[in-house]
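Trainee: task: produce atomic coordinates for the following.
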Amino acid sequence: CNATDNCPNTPNTDQTDTDNDGQGDVCDACPNDPNPGSTACPGESTTIFAIQDVTDPNHPTEGTRVRVECIITAIGNNLVWCQDMAGGPYSGISVFVGGPATYQGTDAPVMLGDRLLLDGDYAEYFDVSQLENPVFTFVAAGSVPAPVVLSSADIATGGSMAEAYEGVLVRVQNVAVTNVNPDDPSDFDEFEVTGGLRIDDLVVDGGGTGGMLDNTYALGASFSSITGVHHYSFSNFKLLPRTTADLVP
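Mentor: Numbering: from 1, shown residues only. So this is what the prediction gives:
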């Protein structure tokens, strides 16, 4: 009867289910990879480098479901960032989760430093490369990779390395506030430092209340370092500190 048939709308008298996901092989889009219920099939195996670098011969087309292995470097309210273990240019990417990031089939949260398999649909969201409809599969706990130290001018809007380091955990050193509100008369909770690099509180504030870093630092306030994920939004590249500890006087 259909209640126990693993392909109720397709004849399959042998009920073969190679991946043991409750869906018979003849009606399973990926019979060798478990995708129970409405879970999407695993993506096409690739790297973040191939996704981020449009000149890579293996660069996927938008909408392709892909699978990468990476380490979680930052966790925001609706976004997390994952980075290839090798690091460097084109090694990081944002992932739209739309809420808490948890592992497939559980309430276990994705944690900073987790190495995982990430399946998602590749999209360009307002010129930001990201993965959508993600499925996280735990591989191992670990630590967040060290940030790449770069010049603030090189990763500011128009900088020579800005695009290559989108999504990567980076650090700038010996900078000072040059503009307390670069969007004046509007105010989007950002300030600007030496080299024209914007600092935004999207992650440090959880993307919720806004304003944690807004007008906090006076013109000329100096920092020995600022660390964060490098991001692009509203026509500007910017650094997103993860906590206030990422801003070191």
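Trainee: ok, now which ones touch the nearest residue to Asn215 once chain neighbours are set aside?
Mentor: Of all residues not flanking Asn215 in the chain, Val180 sits nearest, at 5.8 Å (C-beta to C-beta, 6 or more residues apart in numbering). In this view, the C-beta of every residue, glycine as well, is placed from N, C-alpha and C. Shown in contact with Val180 (C-beta atoms under 8 Å, 6 or more residues apart in numbering): 191, 215, 217-219.
Trainee: make a ChimeraX selection of the buried ones in the residues you listed.
Mentor: The buried residues among the contacts of Val180 can be selected in ChimeraX (16 or more other C-beta atoms under 10 Å) with this line:
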select :191,217
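Trainee: can I get the contacts of Val180 in TSV with pLDDT?
Mentor: Output for the contacts of Val180, formatted as TSV (pLDDT from 0 to 100):
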residue	pLDDT
Phe191	94
Asn215	71
Tyr217	90
Ala218	93
Leu219	96
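Trainee: next, the residue nearest to Asn215: phi, psi?
Mentor: Backbone geometry at Val180, expressed as degrees, to the nearest 10, gives phi -80, psi -20.
Trainee: on the pLDDT front, check the residue most central in space within the chain for me.
Mentor: Taking C-alpha atoms, centre = their mean, the centroid of the chain lies closest to Ser94, which sits 2.1 Å from it. At Ser94, the pLDDT value in this model is 98.
Trainee: which of the contacts of Val180 lies closest to Ile71?
Mentor: Phe191 (28.7 Å; C-beta to C-beta).
Trainee: I'd guessed the closest one sits against Asp183; true?
Mentor: No. The pair Phe191 and Asp183 does not pass the contact test of C-beta atoms under 8 Å, sitting 9.9 Å apart.
Trainee: neighbours around Gly63, how many?
Mentor: When neighbours are defined as other C-beta atoms under 10 Å, Gly63 has 9 of them.
Trainee: same question but for Leu202, I mixed them up
Mentor: 26.
Trainee: mind listing what it touches?
Mentor: 76, 79, 231, 233, 240.
Trainee: the helices in the protein, which residues?
Mentor: For the chain, the helices defined by DSSP state H cover 48-52, 152-155.
Trainee: now these as TSV including distance to Asp200?
Mentor: Putting these into TSV (distance: least, C-beta to C-beta, whole Å) gives the following:
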stretch	distance to Asp200
helix 48-52	20
helix 152-155	13
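Trainee: so for Tyr165, which of these sits nearest?
Mentor: helix 152-155 (5.4 Å).
Trainee: what mean pLDDT does that closest one get?
Mentor: On average, helix 152-155 scores 99.
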